[in-house]
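Enquirer: Sharing a model that was predicted from the sequence below.
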Amino acid sequence: MTSDPAPGPGSRLAHQLRHQLPLLVWLVAVWNLLWGTWSWANLLAGIVVALVVTWLLPLPPVVGGARLRPLGLLVFLGTFLADLVYSGAEVAWQTVRPSGIDRSAILRVQLRTDSDLLLTILSESVTLVPGSMVMDLDRERGVLVLHVLHVRDDDDVERQRASVLAQEERIVRAFGTDDEIAALSRAPGEPFPAAERRTP
Amino acid sequence: MSALQTLGDVVAVAFLLLGALLCLTAGIGLLRFPDVLTRMHAGTKPQVLGVLLIMVGGAIRLQGWSATWMLLLVAVFQMLTAPVSAHMVSRVAYRRRHVRRDRLLVDEQHTAGQDRLYRGDEPADAPPEEPATALAERVRENREDGTR
């Protein structure tokens, strides 16, 4: 769709374009959705706007990239939607019930993933699900700090921790590479081998 | 008006009302919850689901593709941006010590030694409880900032 200016003077442009392609496609899609109607003029204008935006406001490329596994994606999306509805109803009930909320907690969860993209997806989805919110992320140690609403006792705390780890596993099985899936069975807290590090 | 259209209207109204109710609980939560962190939960979470339900209801009722695409975009951007703002506000609140620690069951960030100087819901310019440790900490941070 956006391969027109690729055969430029240098291969640097082509390289850049390949890294920016998902972003370009997304921008073109947003432009077309904003117009609401499909036409070739909208598509061409969208491509022009996307190229100008990525040229004027460049972003660093996402390192590594992802691989999409349809089955894992379905499991992840299904669980996520169910979580969203169930916890949404629960938090809504906790706000209106006469006794109000119980105590909350701040947890540190040791993760097993070491990829910027997967960690971003995990943080977004954990924060979107009601009742838990990411407060901080220790990128070096791979520790997620989150605030959970409504815990009664230590069992609840451990349940929340386990649910975050389960969410991480679903995300890695949906978007991760083979290496990252293998890393799930590694003991938590064990340092990542330098060769597998995906961040510069 | 056909029976199918009436059915669509009923479903749409149900979605819209449910979404509006969830947004109402978000507002009530902002008033009832005790501190910044819990209020961020109320302000962002039920409201995301509420907006999504309203979008679905609107898409059923409006019956035009151009409106549907627009609603889809609203939903996508809502889901992309709400967690970011919640995270930024809560992080700043924690670092500025606007935390009701008496309402926390556990605070592993505190017990893990990441935040050992402050213990209560204090204003941001409150004097530290252990001035000597705080001074040493600040000197260390300044040195690290200088070498970075």
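Expert: Right, received. Where do you want to start? Since the structure is predicted, the reported quantities are computational estimates derived from the model, not experimental observations. Residues are numbered from 1 along each chain as shown, chains lettered A, B, ... in the order given.

Enquirer: ok, now which ones touch the residue in chain B that chain A sits nearest to?
Expert: Closest contact between chain B and chain A, by Cβ to the nearest Cβ, is at residue B:66 (2.9 Å). C-beta: built from backbone N, CA, C; applies to glycine. Contacts of residue B:66 were listed using Cβ atoms under 8 Å, 6 or more residues apart in numbering or on different chains, and they are A:35, A:36, A:37.

Enquirer: tell me, how many neighbours does the last one end up with?
Expert: Other residues within reach of residue A:37, judged by other Cβ atoms under 10 Å in any protein chain shown, total 10.

Enquirer: what does the domain assignment say about chain B?
Expert: Following automatic domain parsing, one finds the domains of chain B at B:3-95, B:106-148.

Enquirer: What residue in chain A comes nearest to chain B?
Expert: residue A:36 (2.9 Å).

Enquirer: And the longest helix along chain A, what's buried?
Expert: Longest helix of chain A, by residue count under DSSP state H: helix A:70-96. Neighbour-count burial for helix A:70-96 flags A:72, A:76, A:80, A:83-84, A:87-92, A:94-95 (criterion: 16 or more other Cβ atoms under 10 Å in any protein chain shown).

Enquirer: swap in stretch A:161-177?
Expert: Using 16+ other Cβ under 10 Å as the test for burial, stretch A:161-177 gives A:161, A:163-165, A:167-177.

Enquirer: returning to that earlier point: rebuild the contacts of residue B:66 as JSON lines, extending it with pLDDT.
Expert: Formatted as JSON lines, the contacts of residue B:66 follow (pLDDT from 0 to 100):
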{"residue": "A:35", "pLDDT": "82"}
{"residue": "A:36", "pLDDT": "76"}
{"residue": "A:37", "pLDDT": "78"}
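
Enquirer: Quick one: those residues as a markdown table, columns for distance to residue B:140 and secondary structure too.
Expert: Shown next, in a markdown table, are these (distance: Cβ to Cβ, whole Å; DSSP: H, G, I helix; E, B strand; the rest coil):
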| residue | distance to residue B:140 | secondary structure |
| --- | --- | --- |
| A:35 | 55 | helix |
| A:36 | 56 | coil |
| A:37 | 60 | coil |
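
Enquirer: Which one of these is nearest to residue B:37?
Expert: residue A:36 (39.2 Å; Cβ to Cβ).

Enquirer: Local confidence estimate at the closest residue to that closest one other than its chain neighbours?
Expert: Using Cβ to Cβ, 6 or more residues apart in numbering or on different chains and skipping residues adjacent in sequence, the residue nearest residue A:36 is residue B:66, 2.9 Å away. We have a pLDDT of 77 for residue B:66.

Enquirer: Reduced to three states, what does residue B:66 come out as?
Expert: helix (DSSP: H, G, I helix; E, B strand; the rest coil).

Enquirer: As PDB, could you dump the C-alpha coordinates of the helix or strand harbouring residue A:165?
Expert: Element membership for residue A:165 (DSSP states H and E) is helix A:154-175. What follows is helix A:154-175, C-alpha atoms only, in PDB (Å, rounded to 0.1, in the frame of the first residue of the first chain):
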ATOM      1  CA  ASP A 154      -2.900 -12.200  51.900                       C
ATOM      2  CA  ASP A 155      -4.700 -14.900  49.800                       C
ATOM      3  CA  ASP A 156      -6.200 -12.100  47.700                       C
ATOM      4  CA  VAL A 157      -2.800 -10.600  47.200                       C
ATOM      5  CA  GLU A 158      -1.400 -13.900  45.900                       C
ATOM      6  CA  ARG A 159      -4.400 -14.400  43.700                       C
ATOM      7  CA  GLN A 160      -3.800 -11.000  42.100                       C
ATOM      8  CA  ARG A 161      -0.200 -11.800  41.600                       C
ATOM      9  CA  ALA A 162      -1.000 -15.100  39.900                       C
ATOM     10  CA  SER A 163      -3.600 -13.400  37.700                       C
ATOM     11  CA  VAL A 164      -1.000 -10.900  36.400                       C
ATOM     12  CA  LEU A 165       1.400 -13.800  35.700                       C
ATOM     13  CA  ALA A 166      -1.300 -15.700  33.800                       C
ATOM     14  CA  GLN A 167      -2.100 -12.600  31.800                       C
ATOM     15  CA  GLU A 168       1.600 -12.300  30.900                       C
ATOM     16  CA  GLU A 169       1.600 -15.900  29.800                       C
ATOM     17  CA  ARG A 170      -1.500 -15.400  27.600                       C
ATOM     18  CA  ILE A 171       0.100 -12.300  26.000                       C
ATOM     19  CA  VAL A 172       3.400 -14.100  25.300                       C
ATOM     20  CA  ARG A 173       1.600 -17.000  23.800                       C
ATOM     21  CA  ALA A 174      -0.400 -14.600  21.600                       C
ATOM     22  CA  PHE A 175       2.400 -12.200  20.400                       C
END
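
Enquirer: Mind giving me the packing neighbours of the following helix or strand past that helix?
Expert: Downstream of helix A:154-175, the first helix or strand assigned by DSSP H and E is helix A:178-183. Packed against helix A:178-183 by the contact rule (3 or more Cβ pairs under 8 Å, 6 or more residues apart in numbering or on different chains; DSSP states H and E) you find helix A:154-175.

Enquirer: The helix it packs on vs helix A:70-96, what angle?
Expert: 150 degrees (axes from the mean of the first three to the mean of the last three Cα atoms, to 10 degrees).
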